[in-house]
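Student: The sequence isn't on hand, but the structure is:
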């Protein structure tokens, strides 16, 4: 299994707030080491690797995760807690999952 995390950088060079929050949660939980590749979707460069991956997988928000398993099509996760639960087999609380889904206003669109 290969896991790619795509996070966004705004055209002015500042990082996406939600991407930073998710990365911090993953670091604190020891999950970041399970990510094989971290890619930047650079808003100022539509040819950046992250922007190309977003276009290829029709994703319009960041951060997102691409999970590739041998013999299967890539699976895309745009909800961190769903990714953690289904891919990393970690416990999540229903409250955290609902809060993330309901807090879509913090998601950064690509």
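Tutor: Nice, thanks for sending it over. Predicted, not measured: the structure shown is a model, and the values here were computed from it.

Student: you'd agree residue 51 is in a helix?
Tutor: Yes: assessed by DSSP: H, G, I helix; E, B strand; the rest coil, residue 51 belongs to a helix.

Student: Quick check: it vs residue 61, distance?
Tutor: For residue 51, the distance to residue 61 (C-beta to C-beta, to the nearest Å) stands at 13 Å. For glycine as for every other residue, the C-beta is placed from the backbone atoms N, C-alpha and C.

Student: Buried residues, stretch 32-50. List them.
Tutor: 39, 40, 41, 42, 43, 48, 50 (16 or more other C-beta atoms under 10 Å).

Student: still on that earlier bit, which of residue 51 and residue 61 has more neighbours?
Tutor: Using other C-beta atoms under 10 Å, the more surrounded residue of residue 51 and residue 61 is residue 51, with 20 against 17.

Student: Could you find the closest non-adjacent residue to that one?
Tutor: The shortest distance from residue 51 to any non-neighbouring residue, by C-beta to C-beta, 6 or more residues apart in numbering, is to residue 41 (4.9 Å).

Student: so that neighbour is in which element?
Tutor: Using DSSP states H and E, residue 41 falls within strand 37-42.

Student: That strand - contacts with which helices or strands?
Tutor: Judged by 3 or more C-beta pairs under 8 Å, 6 or more residues apart in numbering; DSSP states H and E, strand 37-42 is in contact with strand 2-9, helix 49-56.

Student: between the ones you listed, which one is nearest to residue 35?
Tutor: strand 2-9 (4.9 Å; C-beta to C-beta).

Student: Run through who's touching the strand holding residue 41.
Tutor: By C-beta atoms under 8 Å, 6 or more residues apart in numbering, the surrounding residues in contact with strand 37-42 are 2-9, 48-51, 53-54, 62, 110.
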